[in-house]
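> task: produce atomic coordinates for the following.
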Amino acid sequence: MGDYIIRGMACNNQVRFFAAITTDVVETARQHHNTSPVATAALGRLLTAGAMMGTMCKNDTDVVTLQINCSGPIGGLVVTSDVKANVKGYAFNPDVMLPPSAKGKLDVGKALDLGVLSVIKDLGLKEPYSGQTHLVSGEIAEDLTYYFATSEQIPTSVALGVLMNKDNTVRQAGGFIIQMMPFAKDEVIDLVEESLKNYSSITSHLDAGETPEEMMKDIFKGYDVTIEDMIPTQFYCNCSKEHVSRAVVSVGRKELEEMIQDGETIEVNCHFCNSHYHFTVEELKELYKQAR
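Now for the predicted structure:
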């Protein structure tokens, strides 16, 4: 089976969880953007989190955007997901190269360094909901854990991981989000904290062949675990020449007139999937008629 996310409850409905395998999602993103290993790890973690957070939405039109602006050499990241876990994203500097961390791992924290994490939820209301927190480590999972605690007041544990092959393709990627319900008892909170403290990296479990279901049963060993939903997830961008042409029209008649006078075919790139769209002078003239 390909990539998917499970949603469920545990410990007599005192805990809710989301767990995902996203290896194909992250590898597709790597191929689209030709990301360096550390950029793949950073973007892959945020894509995994975004896909899971997208499934937290209720309506088909809801969209969640995770945005990181940071002082590190990667510059920033943007990921967008919908309720069906269609997710897309990009790194500002996909070519960033850094030496391994002291633990010999890809140094995502150094790639991001100081910065701000924004979570924007477009729920079809007049104004989208937006929450912001400072990055606490730049490792992304810890930053999202902090975001949930401060902006949404939900005790949460987030784990995210990307494991690379020697040829820099993606070997494993996945994650989980575990949240305490408001009525969770102290002993359940203690059990989960203890279980997570002894839990090794999520990619080591995936690499050993464990499924998201097995990982959740392992964490909540001895307690009931109910899987409520299984949602396929994919890297998906809905851009098209028609969409892009609307963006070109929006620049206005003056800009379009200058492009036409240049007499050159223009190229417009989609940030999210790195697709290239070309518009000839004749096409620009047609768009000029639509512009104001």
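
> C-alpha only now, for contacts and for neighbours.
OK.

> nearest the geometric middle of this structure, what residue?
Geometric centre of the chain, nearest residue: residue 47, 2.2 Å, by Cα atoms, centre = their mean.

> am I right that that residue sits in a helix?
Yes. Assessed with DSSP: H, G, I helix; E, B strand; the rest coil, residue 47 lies in a helix.

> give the burial count for the nearest residue to residue 89 once chain neighbours are set aside, as a bare number.
Nearest residue to residue 89, sequence neighbours excluded (Cα to Cα, 6 or more residues apart in numbering): residue 79, at 4.0 Å. For residue 79, the neighbour count with other Cα atoms under 10 Å is 24.

> report the beta-bridge partners for residue 79.
Taking DSSP bridges as the rule, residue 79 bridges to residue 66, residue 89.

> against residue 218, how distant is it?
Look at residue 79 and residue 218: by Cα to Cα, to the nearest Å, they are 29 Å apart.

> name all residues that make contact with the residue nearest to residue 89.
Residue 79 sits next to 46-47, 50, 65-67, 87-90 when contact means Cα atoms under 8 Å, 6 or more residues apart in numbering.

> just the buried members of the residues you listed?
If you count burial by 16 or more other Cα atoms under 10 Å, the buried members of the contacts of residue 79 come out as 46-47, 50, 65-67, 87-90.

> and the helices in the stretch 51-200 of the chain?
108-112, 141-151, 186-197 (DSSP state H, counting those that start in this stretch).

> of all these, which lies closest to residue 235?
helix 141-151 (19.8 Å; Cα to Cα).

> tell me which residues in the closest one are buried?
141-148.

> that one packs against which elements?
Under the contact criterion of 3 or more Cα pairs under 8 Å, 6 or more residues apart in numbering; DSSP states H and E, helix 141-151 touches strand 129-134, strand 156-164.

> mind checking how far it is from the chain centre?
14 Å (Cα atoms, centre = their mean, to the nearest Å).

> what do you get for stretch 205-217?
That offset, for stretch 205-217, works out to 20 Å (Cα atoms, centre = their mean).

> then stretch 155-168?
Mean-position distance between stretch 155-168 and its chain equals 12 Å (Cα atoms, centre = their mean).

> contact partners of it?
Under the criterion Cα under 8 Å, 6+ apart, residues 23, 36-37, 40-41, 44-45, 48-49, 140-142, 144-145, 148-149, 170-180, 201-203 lie in contact with stretch 155-168.

> in strands only, show me the residues you listed.
Secondary structure assignment by DSSP state E places 170-180 of these in strands.

> now the residue nearest to residue 89: how far from residue 49?
Distance from residue 79 to residue 49, by Cα to Cα: 9 Å.

> tell me, what's touching the two both at once?
With Cα under 8 Å, 6+ apart, residue 79 and residue 49 have no common neighbours.

> wait, residue 42 sits on residue 110?
No. Between residue 42 and residue 110 there is no contact, the gap being 10.5 Å when judged by Cα atoms under 8 Å.
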